[in-house]
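# Provide a 3D model corresponding to the input given below.
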Amino acid sequence: MEQTHFDLVVIGGGPGGYGAALYAASAGLSVAVVERDKVGGTCLHRGCIPAKEFLETAAVVRAVKSAGEFGVVVEPKALDWNVVLQRKQQVIDRLFGGVSQLLKGRKVHVFAGTGTLGANRNVTVVGADGDRATITGDAVILASGSVPRVIPGFEPGGPVVTSDEFFDITQVPYRSVVIGGGAIGCEFASTLADLGSQVTMLEALPKILPGCDEDVTRVVGQSFKKKGIEVRTGVSVEGHTPNASGGTTVRLAGGDAVDCELVVVSVGRRPLTDGLLEPGTGVQLTDRGHVDVDDRYRTHAEGVYAIGDVIDSPQLAHVAFAEAISVVRSVLGEDGAPVANDFVPWAIYCNPEVAFAGYSESVARERGFEVVTSKHRFAANSRAMIIGETEGLVKVIAERNADGTAGRILGVHMVGPWVTEQLSGGYLAVNWEATVDEVAAFLQPHPSLSELFGETVLSLTGRSLHG
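Below is the predicted model:
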């Protein structure tokens, strides 16, 4: 007879869910995961992984176009989109197989179906064929994730896609519209432009990448303009009118319009709580639809926690992993320190890449800090010159000491080549509340892209080399 009671039951098999399961199983707990689709969740199957796969194809296209600058003569070739889609799926399938094997190897019971929490930590699982089962746990974690938000009048279908459908488009459109200028929208716009599409980005707010430092946003905007991406901010859409050729015309407030073959709606994601809770569980939702939790991810129901996109925290896979570990440690009776949301690492993989941790200059000032800042550009970095990517900068925000010198590092913001792989030093500095003098003492390899971070911090000590 299949086991029905576990130390821990997790509803949702995305990064937060399977992360919690693997971590708990490694600590010796009996664990069940309920997943209605495939373990790996949105991140693996319809989000982070396929998005970066497409972006890597775009990077190869850029490399081929610039090969002549390095003395490499390459014949112009077409883009074989079928191969792009096949490679994307191969990467997803390989990672999916790896996660599945890890769960199996640690004896995690995976129940295929939709999980609904009832009273007393009873979880009903309804399979695709309608079969039902009930399992219970000493603790339950809600990790049901999120789904794309949809704009009225722009429901998915025909030329309109969200991130759920984007990764299955059959060809690169000649003209495309991206609605939304946040992190995901910028990744989509960058990908499409590098692959040859004429892109118009529409953002209702006054600027794209609203959470980023102004200096970083300015670099991205300038780069997008060079790519031919038309960025329109402060605009709203009113609907679209499909045409006979399969494309559509997007109508803007004020009477303007944009013709295109593809509309990508990228206006954020909403927590997925549909069918998650039966009446009487004690779990409460916020006004915005998130599961309400305290600072230790505990819901209002005894022994029930929630993590990941279903709660109001940064919608990042690595944040969900960290929240999962925190909850499992709490279940084990250990100190499950929560994630400091203001200081998590952010990585945006458009070209140029963006990465940051901690406060931007404007937010630091809003929080009451007097600050000292320094920024250095990749244009003078030797490794950036070698690889032929000199666009971008590193900016460090530090607290101003009483004597006017720079003290604790409050934020590190990067835009440029491979900055998503360079942020770890800045992230550690911010989260360890390190001072510029402490970080400046650490060596950076030469020649490297990462030494620009070291140079920027060093200049805040009042002395510098190249700056």
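# going forward, measure contacts and count neighbours with C-alpha atoms only.
Will do.
# read off the pLDDT value for the residue nearest the centre of the chain.
The centre of the chain sits closest to residue 316, judged by C-alpha atoms, centre = their mean, with a distance of 4.6 Å. The model reports residue 316 with a pLDDT of 97.
# what residues of stretch 5-16 count as buried?
When neighbours are counted by 16 or more other C-alpha atoms under 10 Å, the buried residues of stretch 5-16 are found to be 5-16.
# now for the residue nearest to the centre of the chain: which residues touch it?
Under the criterion of C-alpha atoms under 8 Å, 6 or more residues apart in numbering, the neighbours of residue 316 are 308-309.
# and the furthest pair within the buried residues of stretch 5-16?
By the measure C-alpha to C-alpha, the buried residues of stretch 5-16 have their two most distant members at 5 and 15, which lie 23.0 Å apart.
# ok, now how distant is residue 412 from residue 218?
Residue 412 is 16 Å from residue 218, where distance means C-alpha to C-alpha, to the nearest Å.
# so for the two, which sits in the more crowded spot?
Set side by side, residue 412 and residue 218 show unequal neighbour counts under other C-alpha atoms under 10 Å, the larger going to residue 412 at 31 against 17.
# what helices and strands are in contact with the helix or strand harbouring that one?
Residue 412 is part of strand 406-416 when elements are defined by DSSP states H and E. The contact analysis (3 or more C-alpha pairs under 8 Å, 6 or more residues apart in numbering; DSSP states H and E) places strand 406-416 against helix 214-227, strand 353-358, strand 393-400, helix 424-431, helix 436-440.
# between strand 393-400 and it, find me the angle.
Angular relation of strand 406-416 and strand 393-400 on a 0 to 180 degree scale: 160 degrees, by axes from the mean of the first three to the mean of the last three C-alpha atoms, to 10 degrees.
# strand 406-416 to strand 353-358, inter-axis angle?
Note on geometry: by the same axes, to 10 degrees, strand 406-416 and strand 353-358 are set 160 degrees apart in direction.
# from the chain's centroid, how far away is strand 406-416?
20 Å (C-alpha atoms, centre = their mean, to the nearest Å).
# begin at 48 from now on, thanks
Got it, first residue is 48 now, which makes that one strand 453-463.
# got the CA coordinates for that strand in PDB?
Output of strand 453-463 as PDB, limited to C-alpha atoms (Å, rounded to 0.1, in the frame of the first residue of the first chain):
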ATOM      1  CA  ALA A 453      33.000  55.700   2.500                       C
ATOM      2  CA  GLY A 454      32.000  53.000   4.900                       C
ATOM      3  CA  ARG A 455      29.600  50.100   4.700                       C
ATOM      4  CA  ILE A 456      28.700  48.900   1.200                       C
ATOM      5  CA  LEU A 457      25.000  49.300   0.600                       C
ATOM      6  CA  GLY A 458      24.600  48.200  -3.000                       C
ATOM      7  CA  VAL A 459      26.500  46.900  -6.000                       C
ATOM      8  CA  HIS A 460      25.100  47.400  -9.400                       C
ATOM      9  CA  MET A 461      26.500  46.000 -12.700                       C
ATOM     10  CA  VAL A 462      25.600  46.200 -16.300                       C
ATOM     11  CA  GLY A 463      27.800  44.800 -19.100                       C
END
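# average pLDDT for it?
98.
# got the angle between it and helix 471-478?
For the pair strand 453-463 and helix 471-478, the angle between their directions (the same axes, to 10 degrees) equals 150 degrees.
# can you lay out the helices and strands packed on strand 453-463 as CSV showing distance to residue 352 and mean pLDDT?
Listed next are these as CSV, based on distance: least, C-alpha to C-alpha, whole Å; pLDDT from 0 to 100:
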stretch, distance to residue 352, mean pLDDT
helix 261-274, 36, 97
strand 400-405, 26, 98
strand 440-447, 35, 98
helix 471-478, 25, 97
helix 483-487, 37, 97
